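1. A predicted structure for the sequence below; I have some questions about it.
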Amino acid sequence: MYDGYETLKVVRKGRIVTVSFNRPQVKNATNPRMHQELVRVFPQIGRDPEAHVVVLTGEGDAFSAGGDLLALQGSLDDQVRWMASMMEAREILFGVLDLDRPVIAKVNGHAIGLARRSP
C-alpha cells in the first residue's frame, strides 16, 4: 500500500505505520523529493483504515539533519522555487496536524532544522 517512495521508508505492521526518513548517507537531510513525499504520505495514512498510530523516525544514526544545504542553495537562488518549497512545508505541517491519529516522533540521534529568526 505504501509503495512509490524513494526518500521515505513507510511500513505498516498491524495498526502501526512507521515513516522513516530514508537518506542516511546525508543524515536524512530533506531535499525537494522528500518534501513532495512528505506532502503525500500523511493524507495517504489518513485514508488507511487499518492505520491507528504513526511513528516518525530516521534511518541510520540521525533523525534528520534538516534541510539539504545543496538543494536549498538552488531554491534560495530562485524565488519561485523558494516559495514553492515554503508552500510544501506548510502542506507537510498541516498534513500532520490534520491527521486524526497520533504521531509519535522516535528521535534517534541528531534532529536539526531551520528556524526563522525573530527581528
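-> Happy to help now that I have it.

2. please count neighbours and contacts with C-alpha atoms only from this point.
-> OK.

3. would you list the phi and psi of Ala111?
-> The phi and psi torsions at Ala111 (degrees, to the nearest 10) take the values phi -130, psi 100.

4. wait, doesn't it sit right on Asp61?
-> No: in this structure, Ala111 is not within contact of Asp61 by C-alpha atoms under 8 Å, at 10.4 Å.

5. give me the neighbour count for Asn22.
-> As a burial measure, Asn22 scores 24 neighbours (other C-alpha atoms under 10 Å).

6. that one touches Gly58, doesn't it?
-> Yes: contact criterion C-alpha under 8 Å: Asn22 and Gly58 qualify, at 6.5 Å.

7. export stretch 95-107 to PDB, keeping only CA atoms.
-> Output of stretch 95-107 as PDB, limited to C-alpha atoms (Å, rounded to 0.1, in the frame of the first residue of the first chain):
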ATOM      1  CA  GLY A  95      -0.800  17.000   6.800                       C
ATOM      2  CA  VAL A  96       0.400  16.000  10.200                       C
ATOM      3  CA  LEU A  97      -2.000  18.300  12.100                       C
ATOM      4  CA  ASP A  98      -5.000  17.200  10.100                       C
ATOM      5  CA  LEU A  99      -4.200  13.500  10.600                       C
ATOM      6  CA  ASP A 100      -6.800  12.000  13.000                       C
ATOM      7  CA  ARG A 101      -4.200   9.600  14.600                       C
ATOM      8  CA  PRO A 102      -1.400  10.200  17.000                       C
ATOM      9  CA  VAL A 103       2.000  10.800  15.500                       C
ATOM     10  CA  ILE A 104       4.900   9.800  17.700                       C
ATOM     11  CA  ALA A 105       8.500  11.000  17.000                       C
ATOM     12  CA  LYS A 106      11.100   8.400  17.700                       C
ATOM     13  CA  VAL A 107      14.100  10.700  17.600                       C
END
